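In: show me how the following folds:
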Amino acid sequence: SFPGNLHLVMVLRPTGFFQRTFTDIGFRFSQEDFLLKLPVVMLSSVSDLLTYIDEQQLTPEFGGTLEYCHSEWVIFRTAIESFALTVKEIAQMLQSFGMELAETELPDDMYSIERILALRTEKYYQLKEDITAVTKEGNLLLSSFEEPDSGECSQDQQHERPGDWETVNRLLGQLREMETAFDGFWEKHQLKMEQYLQLWKFEQSFQEVKNAIEFLMGQQAELPDTGDSVPQVKQRLKDLDHFDGMAQDLIGKAQVVILHGHQLAANHHYALNLICQQCNELRHHSDVLSDEIKRKQMRLQKTLDLHTRLQQALQCCDEGAYLLANQQMDKCQSKEGAQKALQDIERFLESSSTYLNYDPQTLHYDFESVLTSELKCQIQSVQVKLENVRSMFENRQSCFKKLLDKHVRPVQLVAPRPENPPRSKSPLFSPKHGISEKEAYFILPQRVPVLISGAGLILPLQCPSCSSSQLLFFLYFSHVINELIETERVYVEELFTVLTGYRAEMDNPAMLILLPPVLRNRKDVLFGNMPEIYDFHNKIFLHSLENCLGAPERVGCCFLDRREDFQMYEKYCQNKPRSESLWRQCSESTFFQVSCPPKLDSYLLKPVQRLTKYQLLLKELLKYSTSCDGVQELQEALVAMLDLLKSVNDSMHQISITGYDGDLSELGKVLMQGSFSVWTGHRKGPTKMKDLARFKPMQRHLFLYEKALVFCKKREEHGDGYDKTSSYSFKHFLKMNAVGITENVKGDHRKFEIWYSGREEVYVVQAQTVDLKMAWLNEIRKILFKQQE
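Out: Predicted coordinates for the structure are as follows:
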């Protein structure tokens, strides 16, 4: 019941007999409790009390001189406790208000945002008034201690109040600190809210202008940039001028929005990157619209010039035909009449030479950028008409000249003689060795005869129709095929050695005692699916290659027909990290030193090395098969093996993904994977204040599956030496059936946009190179096209 710890109890016994007796009896019953907890001193009189306590510390009823007013003490104590409670309530109100500000979802319309900001501002000023009132109350309470009123209890107050003054002063200090912190928090929050409202208005303006530009872009795209006649081209130029006027208005509005964005950026807006990106995007759209209209205007104007020239040429033809038709031939039989008619023709030809002498090649060169098949047909039609008119004029001139000149010089026509240059003959090569009828040979695609030796090697033979370069060419070709088949035989033998010399020994009961415990029942981990790979190559693929000795154009088909079987290598490579880890644990064991041949780790690498070797050999075959049969299949086989290598590499990264709650195989095949810088765009849905500052680029490792795009964070490699491994911490994924892409982002050619659910989420992705960006875009486009189909 006491506010502090008790160290000593002094009991002042009553002076009356009955009271003293009653007290002594009651104290005996409770004496044990007192003695157990703290010391008790029994006093017989007030004078005994003065031996323990100074009289200045005792009130008059106890024989002291300290004047004390208990009712006033209660009043002050109650006021202090009430003030402390009020300060605590103020602190809770401020904390509750701060949590409300941080957690409340912001609406998606400007009126509601402004309404929330107004209500929060009103509540802020109300809290400020409450703080001011409490501060005033505390200062008043503090002043009552510093300047006490005169009265009979003034001396008591002076002894009691120093501790209370410190209490009230401390509470006032806490209140001032809370108010200062609250003012700072509100200032930042108000700035964020105002910036959020500014961003909302900016994005609304941005979207309106962008949609208007895209709409106008679509309208002008429907307007052709060519025409089949002068009136049609003029009408389209008129329509384009109308679009140009609308475009200039929109570009002006875009400039206003961009200026607004630059002002926000200059004021250190929290969404600086997004604002700059949208300003660049708007500027890009404006430039594209303006450039497209200018380009179309130039094409239409150039088309109009071409039509005008053709029209003038046709008009000239009509005028020439009219001139010739109106010449009265009966009046031209005389020398004077013929001379006058000839002069009329010459004057017309001189005045119309610009149009009559049009060169079609010059027209094609001058108007190459706007020529369509229709325009080419029109040029050809006009050219035919011009030639006819010119021919008519030449005939008429010839006729009149004959009338004027009775002595016409004969013209001797000389036909050119055809030239027959001698044909060059290829040198003949005599075979050094005769070929017996028992020796089998076949003809390669370039008709080079070859001999299959008893060892199964392809040997090219010389023949009269082959040049030395062709012979050398196919010598290399046969060498590569021989190498492919021979190395395949060696590979099969090596796999057989591993399975019989290592794997089979693990099942030998006599060797079981030497087998380390970590290796027991784990041969499938150490060797993976190597038995499956061996069966495929030994029973199927090697025989298919050997059958190509007589038909080398079938090499490509061998790979293509078995491309699905080669997928077993992906399973082997995915198991390789587990296999290497197990090998490092047991490589020094007695089992491997005594019972098995050495270098198992190098044998375990053979399938991976062989997979890489195939694509190198296919490249060599393609190099020497440029015009042979089966080149298309060889090319497809090379692509298939390269795709397999890429798929294996991607799957090796996939198995290091951690934190994904589900089965990654349900997302389909891994198509691409790589590291990128990623910016998260502003979402259109409900936004929390604590989300507004997330506009910095993140380093993310992306995995493109057939059904989803997975975002991961690459963790640092851990371990030493061979134990170093990388892992990818799953962050989130986007379903491909709700994904869209924007291929170009203003400011950096390596960037592109991935947006989700109608741009509810927008991610700006920056690749390391433009080629890498285009590779990803091509794969994403393939997925989207398949979904459309």
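In: three-state assignment of the most centrally placed residue in the chain?
Out: Geometric centre of the chain, nearest residue: residue 765, 2.9 Å, by C-alpha atoms, centre = their mean. Following DSSP: H, G, I helix; E, B strand; the rest coil, the label given to residue 765 is strand.
In: now the element after the top helix by length along the chain, going C-ward?
Out: Longest helix of the chain, by residue count under DSSP state H: helix 154-222. As assigned by DSSP states H and E, the chain's next helix or strand after helix 154-222 is helix 230-266.
In: helices or strands up against the helix or strand just after that next one?
Out: Counting by DSSP H and E, the next helix or strand C-terminal to helix 230-266 is helix 272-325. Judged by 3 or more C-beta pairs under 8 Å, 6 or more residues apart in numbering; DSSP states H and E, helix 272-325 is in contact with helix 154-222, helix 230-266, helix 335-351, helix 353-356, helix 373-404, strand 670-680. (C-beta placed from N, C-alpha, C; glycine too.)
In: chain center to helix 272-325, what's the gap?
Out: Distance of helix 272-325 from the chain centroid (C-alpha atoms, centre = their mean, to the nearest Å) equals 37 Å.
In: so who does the closest residue to residue 230 other than its chain neighbours touch?
Out: Closest residue in space to residue 230, ignoring its immediate chain neighbours: residue 307 at 4.7 Å, by C-beta to C-beta, 6 or more residues apart in numbering. Applying C-beta atoms under 8 Å, 6 or more residues apart in numbering, we find residue 307 in contact with 227, 229-230, 233.
In: are any of those buried, and which?
Out: 227, 233 (16 or more other C-beta atoms under 10 Å).
In: what's the farthest-apart pair in the contacts of residue 307?
Out: The span of these, defined through C-beta to C-beta, is set by 227 and 230 at 8.0 Å.
In: intersection of neighbour lists for those two?
Out: With C-beta under 8 Å, 6+ apart, residue 227 and residue 230 have common neighbours 304, 307.
In: flag every buried residue along stretch 126-145.
Out: 127, 131, 134-135, 137-138, 141-142, 144-145.
In: out of those residues, which one sits closest to residue 514?
Out: Checking these one by one against residue 514 (C-beta to C-beta), the nearest turns out to be residue 127, at 80.4 Å.
In: quick one: pLDDT of residue 723?
Out: We have a pLDDT of 50 for residue 723.
In: now the strands for the stretch 451-600 of the chain?
Out: 458-460 (DSSP state E, counting those that start in this stretch).
In: how about the stretch 601-750 of the chain?
Out: 657-658, 670-680, 698-705, 708-718, 725-735, 739-742.
In: can I get the ones you listed in JSON lines with distance to residue 355 and mean neighbour count?
Out: Formatted as JSON lines, the strands of the stretch 601-750 of the chain follow (distance: least, C-beta to C-beta, whole Å; neighbours: other C-beta atoms under 10 Å):
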{"stretch": "strand 657-658", "distance to residue 355": "74", "mean neighbour count": "14"}
{"stretch": "strand 670-680", "distance to residue 355": "60", "mean neighbour count": "18"}
{"stretch": "strand 698-705", "distance to residue 355": "61", "mean neighbour count": "19"}
{"stretch": "strand 708-718", "distance to residue 355": "62", "mean neighbour count": "16"}
{"stretch": "strand 725-735", "distance to residue 355": "64", "mean neighbour count": "16"}
{"stretch": "strand 739-742", "distance to residue 355": "50", "mean neighbour count": "16"}
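In: quick check: which ranges of the stretch 151-300 of the chain have low pLDDT?
Out: Scanning the stretch 151-300 of the chain with the threshold set as pLDDT under 70 gives 151-162.
In: do that again at 50, thanks
Out: 151-160 (pLDDT under 50).
In: let me see the domain layout of this structure.
Out: For the chain, the domain assignment from the TED database gives the residue ranges 9-62, 70-143+163-198, 201-305, 306-395, 482-651, 658-686+695-787.
In: return the member of those having the minimum mean pLDDT.
Out: domain 9-62 (a mean of 77).
In: quick one: that one to chain centroid distance?
Out: Distance, centroid of domain 9-62 to centroid of chain: 86 Å (C-alpha atoms, centre = their mean).
In: repeat that for stretch 571-589.
Out: In terms of C-alpha atoms, centre = their mean, the centre of stretch 571-589 is set 35 Å apart from its chain centre.
In: residue numbering should commence at 25 henceforth.
Out: Sure thing, new numbering starts at 25, so read that last one as stretch 595-613.
In: hmm, who's touching it?
Out: 538-540, 542-543, 546, 549-554, 557, 616, 624-625, 628, 631-632, 672, 675-676, 679, 746-747, 749.
In: buried ones in stretch 795-813?
Out: By 16+ other C-beta under 10 Å, the buried positions in stretch 795-813 come out as 797, 800-801, 804, 807.
In: nope, stretch 394-403 is what I meant
Out: Buried residues in stretch 394-403 (16+ other C-beta under 10 Å): 394-395, 399, 402-403.
In: now stretch 279-290
Out: Neighbour-count burial for stretch 279-290 flags 281-282, 284-285, 288 (criterion: 16+ other C-beta under 10 Å).
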